[in-house]
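Peer 1: Next input, structure requested:
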Amino acid sequence: MKSMNPAKIQATMDKFEKQFEDLDVTSKVMESSMSESTTQSMPEDQVNALMSKVADAHGLEFEGKMVDVGGQAVNKPATVSKKDEDDLEERLRKLQEL
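Peer 2: Below is the predicted model:
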């Protein structure tokens, strides 16, 4: 303890804390800027089309959870055929047996 200078240690800790706070502020500003630019540059209809395509490919429904600004549903729900549902149930049973 005699070889350590408490004032120097405190100054180093204060400097570190200030740099950490500056980094936190900088990262929040960058995150906010990136979020805003991405949101503004992505056409909503293309995003909805892509989400619909992925949902159809995987037999998912998401219309009930999404509403656009006007209050109307974004996409129609994807329908799952009885055969697809039976196949999924069979796969689930096989996985549960493992």
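Peer 1: Tell me the secondary structure at the residue minimising distance to the centre of the chain.
Peer 2: Compute the mean C-alpha point of the chain, and by CA atoms, centre = their mean the closest residue is residue 35, 11.4 Å away. At residue 35 the chain is in helix, as set by DSSP: H, G, I helix; E, B strand; the rest coil.
Peer 1: Summarise which helices and strands the lowest-mean-pLDDT helix or strand in the chain is packed against.
Peer 2: Least confident helix or strand of the chain, by mean pLDDT, DSSP states H and E, is helix 44-58 with a mean of 82. Helices and strands in packing contact with helix 44-58 are not found; criterion 3 or more CB pairs under 8 Å, 6 or more residues apart in numbering; DSSP states H and E. In this view, the C-beta of every residue, glycine as well, is placed from N, C-alpha and C.
Peer 1: Show me what the following helix or strand past it is packed against.
Peer 2: Where DSSP states H and E defines the elements, the next helix or strand beyond helix 44-58 is helix 82-97. Counting contacts by 3+ CB pairs under 8 Å, 6+ apart, helix 82-97 packs against no other helix or strand.
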